[in-house]
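Novice: This is a predicted model, with the sequence first.
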Amino acid sequence: MSKIKCILIEDEPLAAKVLSDYISQVPFLELQQVFKDALLASEFLMREQTDLMFLDIHLPKLKGMAFLKTLINPPAVIVTTAYHQYAVEGFNLNVTDYLLKPFEFERFLTAVNKVKAAQPKAAEERDFIFVSVQKRRVRIPFAEILYVESQREYIRIVTTKQEYISKMSTHEIEALLPSATFKRVHRSFIVAVNKIESYTAETISLPGTSIPIGRGYKDVIDDL
């Protein structure tokens, strides 16, 4: 089973250490990064696929709940705080669980198991995706996809046969594509690795087109 990728947004060093230790003890969790600042976490979420966010409420610059309201397509959220009075607001924002500090590992495990139970079937276990196109659900085989392009609140899926426009974000489509064969190489582009004909430090050549490589995605190309 694919691991659940998570980030931790926590301003207290001791609390961050405890949570990091808890995460390391759960085989299906993968800690991507720890942030003290919600604004830095926001930048990370814009360019990386993340399944789960552990969110403290009292953060510098931007408070946890206010930050959560700014996210259009947030990952699953587990709130970690010493203040119980924000629980109702948290659940109104569809958080998965609300952990009151200090909490034991058993309580932490109960929370992350809720996230695990809600995860859709892993993309690696199937060879197609269904997307909404003009009020229809269209089946698109992974093997036919060349690349996905962001177009504001829509995406354009270009395949070897035709193109599809669907109202969803690149973060949403990225979470549904198998990570081993589809890589984000730019804030606006996800490409099928097995369709790459050649590449330079700036561009990737696919059949019939070239895709730019974003400044923050050079390491993705180095790993091909």
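Specialist: Perfect, thanks for sending it.

Novice: got the buried residues for stretch 128-141?
Specialist: Buried positions in stretch 128-141, judged by neighbour count with 16 or more other Cβ atoms under 10 Å: 129, 131, 140. Where you see a C-beta, it was placed from the backbone N, CA and C, and this is true even at glycine.

Novice: now do stretch 70-85
Specialist: Here stretch 70-85 shows 71, 74-81 as buried, counting by 16+ other Cβ under 10 Å.

Novice: In strands only, show me these.
Specialist: 76-81 (DSSP state E).

Novice: about what we covered before: got CSV for the buried residues of stretch 70-85, with pLDDT and distance to residue 154 too?
Specialist: Formatted as CSV, the buried residues of stretch 70-85 follow (pLDDT from 0 to 100; distance: Cβ to Cβ, whole Å):
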residue, pLDDT, distance to residue 154
71, 84, 19
74, 84, 19
75, 89, 21
76, 92, 24
77, 93, 25
78, 94, 30
79, 91, 31
80, 91, 35
81, 87, 36
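
Novice: Export the residues you listed as JSON lines, with columns for distance to residue 158.
Specialist: Shown next, in JSON lines, are the buried residues of stretch 70-85 (distance: Cβ to Cβ, whole Å):
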{"residue": "71", "distance to residue 158": "27"}
{"residue": "74", "distance to residue 158": "27"}
{"residue": "75", "distance to residue 158": "26"}
{"residue": "76", "distance to residue 158": "30"}
{"residue": "77", "distance to residue 158": "33"}
{"residue": "78", "distance to residue 158": "36"}
{"residue": "79", "distance to residue 158": "39"}
{"residue": "80", "distance to residue 158": "41"}
{"residue": "81", "distance to residue 158": "44"}
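
Novice: All good on my end, thank you.
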